[in-house]
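Visitor: with the sequence up front, the predicted model follows.
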Amino acid sequence: MLLRKNMILMVLFVIFGGSYSKIAPDYIVPCPGLKPDCLKKNIQETLPHFVKGIPSLGIESLDPLYEERVELELPGGLKIEFTQGVITGLRKCIVESAKYDGLEATLVFNCNILLKGKYKANGRVLIFQINGDGDAKIRSHNITLKAKVKFEDRTHDGVIYREIKEYKVSYKHNDRVTFDMTNLFKGNPELGQTVLAFLNENWDKVIEEFGKPVIDRVVQSTLNIIKKFFRAIPRDELYSP
Ligand SMILES: *[C@@H]1O[C@H](CO)[C@@H](O)[C@H](O)[C@H]1NC(C)=O
């Protein structure tokens, strides 16, 4: 009789334990009461792990972030095609502040971002008509990113997930952005160098005109990956009351 009871307990334990196994990686440690100081410290410590993605859950890497191919039609009719894009730097962002209130989080990061890839571009940039095809490297040091993220609870198969409903990211360049592009004018390297120097001197005007669509695209790719994280990991593993 006693033996049977133990058996039943054991079976129950296995079933219970099996169905409640944790999905979140071990580096995820919820902040009790979601206090800003804890969140800031926690997000900072989690970042280098988090950016690697979680392949078993289909969550891709954020650093490096890969963009196979991006085509943009920018103001003034400039057409740009980026391929083999690799964006690095997110793992070293400094968390300046983190706040969670109701279902809304506000995070401020300070980052150095490097974007590398192949580009093809055709059209006007400031005063130049370019026709380029080469390597591109764009470096943005000391960029402040402020993200406001709204969440909503959704239930799938009886499990509650706190998913990203909408987000808004604003940014500010505290330092100059540098461009390094080869072959801005097909077959005329001297002119290419001259124009490149001009773009670097006038980086703020270049960013004012073309920065937003490029950054929006990177933000969108980043958030699409982060959304998968919140869709895959139950709310109770991310939040503690
Ligand atoms: C970033 O920019 C801010 C504002 O200009 C400045 O106070 C800070 O020292 C800069 N940080 C770095 C690492 O350059």
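Guide: Cool, the structure landed. Just so we're clear, the structure is a prediction, and the values are computed from it rather than from any experiment.
Visitor: need the pLDDT of residue 14.
Guide: On the pLDDT scale, residue 14 is placed at 51.
Visitor: with residue 237 instead?
Guide: What the model reports as pLDDT for residue 237 is 93.
Visitor: same question, residue 213
Guide: 89.
Visitor: tell me which element it falls in.
Guide: If you go by DSSP states H and E, residue 213 is part of helix 203-232.
Visitor: what about the helix or strand that that helix is followed by, distance to the chain center?
Guide: Using DSSP H and E, the helix or strand that directly follows helix 203-232 along the chain is helix 235-238. Centroid displacement of helix 235-238 relative to its chain, using Cα atoms, centre = their mean, to the nearest Å, is 21 Å.
Visitor: is residue 237 in contact with residue 23, as I believe?
Guide: Yes - between residue 237 and residue 23 there is a contact under Cβ atoms under 8 Å: 6.3 Å. For every residue, glycine as well, the C-beta is placed using N, CA and C.
Visitor: and the helix holding residue 213, what does it pack onto?
Guide: For helix 203-232, the packing partners by 3 or more Cβ pairs under 8 Å, 6 or more residues apart in numbering; DSSP states H and E come out as strand 65-74, strand 104-125, strand 159-173, strand 177-181.
Visitor: give me the buried positions along that helix.
Guide: Neighbour counts using 16 or more other Cβ atoms under 10 Å place 203, 206-207, 209-211, 214-215, 217-219, 221-223, 225-232 of helix 203-232 among the buried residues.
Visitor: show me what residue 168 is bridged to.
Guide: On the basis of DSSP bridges, residue 168 takes part in beta bridges with residue 148.
Visitor: okay, now it: neighbour count?
Guide: 11 (other Cβ atoms under 10 Å).
Visitor: do residue 241 as well
Guide: 7.
Visitor: also residue 109?
Guide: 21.
Visitor: ditto for residue 90
Guide: Look at residue 90: counted by other Cβ under 10 Å, it has 22 neighbours.
Visitor: how about residue 161?
Guide: Residue neighbour count, defined by other Cβ under 10 Å, stands at 19 for residue 161.
Visitor: am I right that it is in contact with residue 236?
Guide: No - using Cβ under 8 Å, residue 161 is not in contact with residue 236; the gap is 9.6 Å.
Visitor: can you give me the buried ones in stretch 78-86?
Guide: So for stretch 78-86, counting by 16+ other Cβ under 10 Å, buried means 78, 80, 82, 85.
Visitor: oh sorry, the question was meant for stretch 112-125
Guide: Buried residues in stretch 112-125, counted by 16+ other Cβ under 10 Å: 112-113, 115-117, 119-121, 123, 125.
Visitor: lowest average confidence, helix or strand, in this protein?
Guide: helix 2-19 (a mean of 53; mean pLDDT, DSSP states H and E).
Visitor: still on that earlier bit, how far does the helix holding residue 213 sit from the chain's center?
Guide: That offset, for helix 203-232, works out to 7 Å (Cα atoms, centre = their mean).
Visitor: returning to that earlier point: could you tell me the least trusted of the helices and strands packed on helix 203-232?
Guide: Lowest mean pLDDT within these: strand 65-74, a mean of 91.
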